[in-house]
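K.L.:
3D model of this:
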Amino acid sequence: MLGRSLYAPEIVLNAGAPIGTVGGIQAVESLFWHPLLSAFPDLERRTGILLSGQFRGQDWFASTGLLIGHFTGALLGMKPTGRSQSLRYGWFDRVEGDRIVESYVIFDFTRLLIDTRQWPLAPPLGADWWPAPATQDGLIRAAGTATVKESEKSLKLVEAMIGGLMKYDGKSLASMGMRSFWTPQFQWYGPGSIGSARGHAEYERAHQRPFLTAFPDRVGGNHKCRIGDGPYVASTGWPSIQATHSGSGWLGMPATGKRITMRVMDFWRRDGDLLAENWVFIDLIDLLGQFGVDVWERLAEWRQ
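P.N.:
A predicted model of the protein is given here:
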């Protein structure tokens, strides 16, 4: 059976909505893998970034890339197209010995819904592309090339940048000092319903300003894993952001005034002393549910 040699019997897999948390090999097979393989019988995993490291004394692997295949069966309420499609993923696995004991997975279902013309909400503000690293070196480097020093440098830069994100004064984006952490034409690859951006001006327009305006009191924390491997860093929190949706509308939805949490994954690539690329995943199906918006219900109504 699928996963019997991969997972420990006590595996707990935490997936984004609408899958949720499943425990034990049988549940992982039936509730996680079976829907995917039924929808994409020729499913193939294309990994663009894969890194490993220790976090709080535990061994982790983190990866991002695409699941691709012919979308021939319904997937969690999404109508198949019969065509080849891709599904972006962010994936963290904690291992003990030679088995996975804990996983965190976010699929970019919003991107798949947009690609298949089934997204029932507002179109993204950002661009429509999510490539592999520009340097084409995202897979684990050969032994000895990802030195401890380089990994620590990457981690320190990311943590300093995250500290700057929390210094927003509510008035000027310059108060966060982001231009001292990123290359001038850095690439930011956001979830499908947000889109991607190149450079500071486009990033601020497509994501940063709308996000900060919508969630002015956001705070971070509760990280499950943050590892550096050479010029790459990966981090996830479940959830890692708490905020009030109070400042303005977001993703075409008006402000709700509700307290929300966000499950987030980030993958960064450092170029010298600055960050050059950032792949971002947010469990937006779960977040919209906290707004009171059931995407699958809207999808069904939209088709009528």
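
K.L.:
For residue 125, pull up the helix or strand it's in.
P.N.:
Using DSSP states H and E, residue 125 falls within no helix or strand.

K.L.:
how about the strands in the chain?
P.N.:
Taking DSSP state E as the criterion, the chain carries its strands at 7-15, 20-23, 44-55, 58-70, 84-96, 99-107, 182-189, 196-198, 219-220, 223-229, 232-244, 259-271, 274-282.

K.L.:
export the ones you listed to CSV and tack on mean neighbour count and distance to residue 252?
P.N.:
C-betas here are computed from N, CA, C, even on glycine. Shown next, in CSV, are those (neighbours: other C-beta atoms under 10 Å; distance: least, C-beta to C-beta, whole Å):
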stretch, mean neighbour count, distance to residue 252
strand 7-15, 18, 25
strand 20-23, 14, 25
strand 44-55, 16, 29
strand 58-70, 20, 26
strand 84-96, 20, 21
strand 99-107, 21, 21
strand 182-189, 19, 20
strand 196-198, 21, 18
strand 219-220, 14, 25
strand 223-229, 21, 30
strand 232-244, 22, 18
strand 259-271, 21, 16
strand 274-282, 22, 15
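
K.L.:
Of these, which is nearest residue 164?
P.N.:
Residue 164 lies closest, by C-beta to C-beta, to one member of these: strand 182-189, at 10.3 Å.

K.L.:
That closest one pairs with which strands?
P.N.:
Looking at strand 182-189 with DSSP bridges, its partner strands are strand 196-198 (antiparallel), strand 274-282 (parallel).

K.L.:
Show me which helix runs longest in the chain.
P.N.:
Ranked by residue count under DSSP state H, the longest helix found in the chain is helix 148-165.

K.L.:
packing partners for it?
P.N.:
Where contact means 3 or more C-beta pairs under 8 Å, 6 or more residues apart in numbering; DSSP states H and E, helix 148-165 is packed against strand 223-229, strand 232-244, strand 259-271, strand 274-282.

K.L.:
how far is it from where the chain is centred?
P.N.:
Centre-to-centre, helix 148-165 and its host chain are 19 Å apart (C-alpha atoms, centre = their mean, to the nearest Å).

K.L.:
and what of stretch 117-135?
P.N.:
On the basis of C-alpha atoms, centre = their mean, stretch 117-135 sits 13 Å off its chain's mean C-alpha point.

K.L.:
residues in contact with the helix or strand bottoming out on mean pLDDT in the chain?
P.N.:
Counting by mean pLDDT, DSSP states H and E, the weakest-scoring helix or strand in the chain turns out to be helix 295-303, with a mean of 79. For helix 295-303, the external contacting residues (C-beta atoms under 8 Å, 6 or more residues apart in numbering) are 18, 76-79, 113, 118, 120-121, 285, 288-289.

K.L.:
which one of those has the most neighbours?
P.N.:
Compared across the contacts of helix 295-303, residue 285 has the highest neighbour count, 23 neighbours, by other C-beta atoms under 10 Å.

K.L.:
Tell me, what's the model's pLDDT at that residue?
P.N.:
If you check residue 285, the pLDDT there is 96.

K.L.:
re earlier: I'd like the strands paired with strand 182-189 laid out as TSV, including distance to residue 61 and mean pLDDT.
P.N.:
As requested, those are exported to TSV (distance: least, C-beta to C-beta, whole Å; pLDDT from 0 to 100):
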stretch	distance to residue 61	mean pLDDT
strand 196-198	25	97
strand 274-282	16	98
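
K.L.:
Those: which one's closest to residue 247?
P.N.:
Closest approach to residue 247 among the strands paired with strand 182-189 (C-beta to C-beta): strand 274-282, 17.2 Å.

K.L.:
Dump the closest one to CSV, restricted to CA.
P.N.:
The C-alpha coordinates for strand 274-282 follow below in CSV (Å, rounded to 0.1, in the frame of the first residue of the first chain):
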residue,chain,number,x,y,z
LEU,A,274,20.3,39.9,0.1
LEU,A,275,17.2,37.8,-0.5
ALA,A,276,16.5,37.3,-4.2
GLU,A,277,13.4,35.0,-4.3
ASN,A,278,10.5,34.0,-2.0
TRP,A,279,8.0,31.2,-2.6
VAL,A,280,4.9,31.7,-0.4
PHE,A,281,2.0,29.5,0.6
ILE,A,282,-1.0,30.5,2.7
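
K.L.:
Report the angle between it and helix 148-165.
P.N.:
Going by axes from the mean of the first three to the mean of the last three C-alpha atoms, to 10 degrees, strand 274-282 is angled at 70 degrees with respect to helix 148-165.

K.L.:
ok, back up a step: mind putting the strands of the chain in JSON lines, distance to residue 36 included?
P.N.:
Listed next are the strands of the chain as JSON lines, based on distance: least, C-beta to C-beta, whole Å:
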{"stretch": "strand 7-15", "distance to residue 36": "10"}
{"stretch": "strand 20-23", "distance to residue 36": "13"}
{"stretch": "strand 44-55", "distance to residue 36": "10"}
{"stretch": "strand 58-70", "distance to residue 36": "7"}
{"stretch": "strand 84-96", "distance to residue 36": "8"}
{"stretch": "strand 99-107", "distance to residue 36": "9"}
{"stretch": "strand 182-189", "distance to residue 36": "22"}
{"stretch": "strand 196-198", "distance to residue 36": "24"}
{"stretch": "strand 219-220", "distance to residue 36": "30"}
{"stretch": "strand 223-229", "distance to residue 36": "22"}
{"stretch": "strand 232-244", "distance to residue 36": "20"}
{"stretch": "strand 259-271", "distance to residue 36": "18"}
{"stretch": "strand 274-282", "distance to residue 36": "17"}
